[in-house]
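S.K.: coordinates for the following, if possible.
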Amino acid sequence: MGLRSGNGSPAGLKARARDAEIARLAVPALGALVAEPLFLLADSAIVGRLGTLPLAGLGVAGAVLATAVSLFVFLAYGTTAGVARRLGAGDVRGALAAGVDGVWLALGLGVVTAVVVHAAAGPVVDALGVSAAARPHAVTYLRVSLWGLPAMLVVLAATGLLRGLQDTRTPLVVAAAGAGLNVALNLLLVHGAGWGIAGAAAGTAATQVLMALALAAVVARGVRRTGAPVHPHPLGVLRSARAGVPLLVRTLTLRVALLLTTYVAAAQGDSGLAAHQVAMTVWTTTALALDALAIAAQALVGRDLGAGDVAGVRATVRRTSQWGVAVGVVLGALVAATSWPVAGLFAPQAQVRGDLAAALVVLGVCLPVAGWVFVLDGVLIGAGDGRYLARAGVLTLAAYAPLAVLVLLLAPPGRAGLVWLWASFAGAYSLARLLTLVHRERSGAWVVTGAG
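M.R.: Sure thing, here's the model as predicted:
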């Protein structure tokens, strides 16, 4: 999988042009992805000055919100694929119409979810084991934040629409501005107005609403320019919902795998669980760079399939796969080489530091495989191959679950168990996903041209 394709040859020129397209989409996408975690990070820093109990409440409520948003990530992915196909087919008006239907679906799902979770806020936070002292803070933050949940989902769908139109820069600008505004509002409401943890939730909710309005204004300009309908089209909304169901199943299988991994990590003792949590944070952080490449693959594959450019699709798959593995190699080598100093930074205790360093080495070795997995996942999402991804997700989860159980039952608790767990999750599970994705990619069954 070399990245060189000849310096001045036609193949080399085409490869460099394709690389430029990938970078044009992936770099801003990475910036927007990095900006998203800054919301909760800013809330944590500001709320942390209120004391331990508000911070603990934020941790529980934040986990609920993060889970809700992650389950609806198909609003971005599915919209990107549908819009990009129509754009490639030359139907810009149809592309915007499909994207607008996705935005309306996001708004509807957001309102329903917010109402349901608001009514069940107490039992939801109780299910996560929050202490009696921290419970009021968790319930308050969750209920106030839910006012911004519909806007959060609209941001997802509008971002997917713009990605489908090959625009990842606008979401970056909005996300960066939102991150800055969120800090200012939270400082003002939490410490200036004295609203406490409710102020942090209100500031974040208000920021999400403003971000949704900003993206909606950009979309509205395109709608006016092309004459696309701004009202929801029932069949279009239904089509968006149907396309999202397989991607929801895929996401659920990933979440179950993560939860199962955390459950097994808890059996490795407090030291092992603490090390696992930091290792999972490192894994999530490195995944941002790989996810940016996957987003570029989604947008380019959808566009080229819509245009009937099979050669362009194959070129995108080849180059993004090469870049995915290359970035995985670089990140993996960096993580493995710095495992001990990084472990020392996060874990001053000798036992946790040793456990974490061992887990990071395993994680680093597995990142090149993960890089290929992320990209091929993006390729098939861009092709609208959600049904296969759902089936593959169930299959790979079924293959991984027994391995995790074997680690739980047979591996010695502690460092050895943690190493075997990460070898199973980052190694075997990623490899199982790769095999299903490569099989599908090589079959060509997903290469269906046209607007879809």
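S.K.: which parts of the stretch 351-452 of the chain are helices?
M.R.: 386-410, 415-422, 430-443 (DSSP state H, counting those that start in this stretch).
S.K.: give me the contacts around stretch 236-255.
M.R.: 67, 70-75, 77-79, 81-82, 97-98, 100-102, 104-105, 108, 381, 384, 386-387, 389-390, 392-394, 396-397 (C-beta atoms under 8 Å, 6 or more residues apart in numbering). Every C-beta, even on glycine, is put in place using the N, C-alpha and C of the backbone.
S.K.: restricted to strands, list these.
M.R.: Of these, none are assigned to strands by DSSP state E.
S.K.: show me the shaky parts of the chain.
M.R.: Under the criterion pLDDT under 70, the flagged ranges of the chain are 1-12, 40-41, 347-348, 452.
S.K.: alpha carbons of stretch 330-337, as PDB, please.
M.R.: Extracted C-alpha coordinates of stretch 330-337, given in PDB (Å, rounded to 0.1, in the frame of the first residue of the first chain):
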ATOM      1  CA  VAL A 330       2.300   7.000  12.400                       C
ATOM      2  CA  LEU A 331      -0.200   7.300  15.200                       C
ATOM      3  CA  GLY A 332       0.400   3.800  16.400                       C
ATOM      4  CA  ALA A 333       4.200   4.300  16.500                       C
ATOM      5  CA  LEU A 334       3.700   7.500  18.300                       C
ATOM      6  CA  VAL A 335       1.400   6.000  20.900                       C
ATOM      7  CA  ALA A 336       3.600   3.000  21.500                       C
ATOM      8  CA  ALA A 337       6.900   5.000  21.700                       C
END
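S.K.: what about residue 128, how many neighbours?
M.R.: Residues lying near residue 128 (other C-beta atoms under 10 Å) number 13.
S.K.: and it, its phi and psi?
M.R.: Backbone torsions of residue 128, given as degrees, to the nearest 10, read phi -90, psi 10.
S.K.: quick one: it and residue 62 touch, right?
M.R.: No - Residue 128 lies out of contact with residue 62 (C-beta atoms under 8 Å); the separation is 10.6 Å.
S.K.: can you say which of the helices of the stretch 351-452 of the chain is packed in most?
M.R.: Mean neighbour count (mean count of other C-beta atoms under 10 Å) peaks for helix 415-422 among these, with a mean of 22.
S.K.: tell me what that helix is packed against?
M.R.: Here helix 415-422 touches helix 234-266, helix 269-306, helix 350-382, helix 386-410, going by 3 or more C-beta pairs under 8 Å, 6 or more residues apart in numbering; DSSP states H and E.
S.K.: for the stretch 101-250 of the chain, just list every one of the helices.
M.R.: Under DSSP H, counting those that start in this stretch, the stretch 101-250 of the chain gives helices at 121-127, 135-145, 149-164, 169-186, 197-226, 234-266.
S.K.: please indicate which of the contacts of stretch 236-255 are buried?
M.R.: 72-75, 77-79, 81-82, 97-98, 100-102, 104-105, 381, 384, 386, 389-390, 392-393, 396-397 (16 or more other C-beta atoms under 10 Å).
S.K.: contacts for stretch 35-48?
M.R.: 54-55, 58-59, 62, 66, 172, 175-176, 178-179, 182-183, 186-187, 190-191, 197, 200, 204, 207.
S.K.: can you select the buried ones from the residues you listed in PyMOL?
M.R.: The buried subset of the contacts of stretch 35-48, as determined by 16+ other C-beta under 10 Å, is captured in PyMOL by this line:
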select buried, resi 54+55+58+59+62+172+175+176+178+179+182+183+186+187+190+197+200+204+207
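S.K.: which parts of this protein belong to which domain?
M.R.: 27-232, 245-452 (automatic domain parsing).
S.K.: tell me the most buried of the helices of the stretch 101-250 of the chain?
M.R.: For the helices of the stretch 101-250 of the chain, the highest mean count by mean count of other C-beta under 10 Å goes to helix 149-164, at a mean of 28.
S.K.: so what secondary structure elements neighbour that helix?
M.R.: Going by 3+ C-beta pairs under 8 Å, 6+ apart, helix 149-164 lies up against helix 10-48, helix 52-71, helix 74-88, helix 92-119, helix 169-186, helix 197-226, helix 269-306.
S.K.: where's residue 386 relative to residue 245, distance?
M.R.: 8 Å (C-beta to C-beta, to the nearest Å).
S.K.: got JSON lines for the helices of the stretch 351-452 of the chain, with distance to residue 355 too?
M.R.: Below are the helices of the stretch 351-452 of the chain laid out as JSON lines (distance: least, C-beta to C-beta, whole Å):
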{"stretch": "helix 386-410", "distance to residue 355": "14"}
{"stretch": "helix 415-422", "distance to residue 355": "5"}
{"stretch": "helix 430-443", "distance to residue 355": "21"}
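S.K.: looking at these, which is nearest to residue 341?
M.R.: Closest of those to residue 341 is helix 415-422, at 18.3 Å (criterion: C-beta to C-beta).
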